[in-house]
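In: structure for this input, please:
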Amino acid sequence: MRKTRFSVLLLILATAMCLPAMASAANSSTPAVSQPDQMVQQTVQEILTEVSNDRAELKQDPRKLYALVGRLLLPHVDFEYASRLVLGPYWRSATPTQRKAFEEAFYRFLVNSYANGLLSGNYSERNLKVEPWRGSAEDTRAMVRTQVLRPSAPPVQVDYAMVRTKDGWKVFDVSIEGISYVLNYRNQFGPEIQQKGLDALIARLNAEANKAPASKSQGSGF
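Out: Numbering: from 1, shown residues only. All right, here's what the predicted structure looks like:
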């Protein structure tokens with residue numbers, strides 16, 4: 001189950017370095033934007049289609065895959081706000097330099113982990129079912145519920161918590177079978193920061209992201 005969670009976690013998740021935080025975004029006036037469920041559907045389909053079409057080439061040069069994932073996900077995730085939630089009280093005590101370093105390290109860690117999961121799995125846009133969003137045009141928050149369909153196994157429930165910003169809908173949390181990635185990583189990183197410090201965590205995430213794809217553990221993420 002952990003492997004399954006890992007492989008589907010970042011279908012949308014991974015990142016914009018300096019997008020608006022949730023509080024300011026909720027108060028901004030926004031132009032007409034795509035519905036949040038449409039954004040999820042289109043983004044995931046585009047990623048899976050490109051990976052499926054160029055799988056052999058991307059396996060030969062994983063850096064191209066990392067760039068592809070980052071390019072397609074970048075506009076759709078409020079990663080600054082997600083990083084604040086993941087660090088919790090440690091964000092408040094961190095210096096601006098540490099905050100930026102954590103955002104960048106966490107981004108690379110998640111994108112590279114997800115990209116390698118895509119190559120090792122047999123995923124396609126046909127595996128994704130997005131439930132219609134029932135919100136209104138005035139809503140500033142949304143929950144998009146999806147299912148990842150599996151042959152001969154129950155579907156995996158993946159829910160995206162989103163906020164409306166001046167740039168459109170952004171993801172700031174993902175829950176898989178009811179388990180929030182924000183809370184999961186907060187629980188993982190908190191004791192590590194307490195024991196070794198935030199700089200040590202940042203160094204570890206960078207080291208994980210720099211590993212050769214073949215040496216990556218599929219269970220290293222959520």
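
In: in the protein, where's the longest strand?
Out: Identified as the longest strand of the chain according to DSSP state E is strand 153-165.

In: burial measure for I193, as a count.
Out: Using other C-beta atoms under 10 Å, I193 has 20 other residues around it. (Each C-beta comes from the backbone N, C-alpha and C, glycine too.)

In: quick one: it from R186, how far?
Out: Between I193 and R186 the distance is 10 Å, computed by C-beta to C-beta, to the nearest Å.

In: could you do S34 as well?
Out: Note on S34: its distance to R186, by C-beta to C-beta, is 30 Å.

In: neighbour count winner among these two?
Out: The residue with more neighbours, out of S34 and R186, is R186; 16 against 12, by other C-beta under 10 Å.

In: and that one, what element?
Out: helix 181-196 (DSSP states H and E).

In: which residues are in contact with that helix?
Out: 9, 13, 82, 85-88, 90, 172-175, 200-201, 204, 222 (C-beta atoms under 8 Å, 6 or more residues apart in numbering).

In: all strands for this structure, in order.
Out: 128-130, 141-150, 153-165, 168-176, 179-180.

In: so which of those strands is nearest P75?
Out: Across the strands of the chain, P75 has its closest neighbour in strand 168-176 (7.5 Å, C-beta to C-beta).
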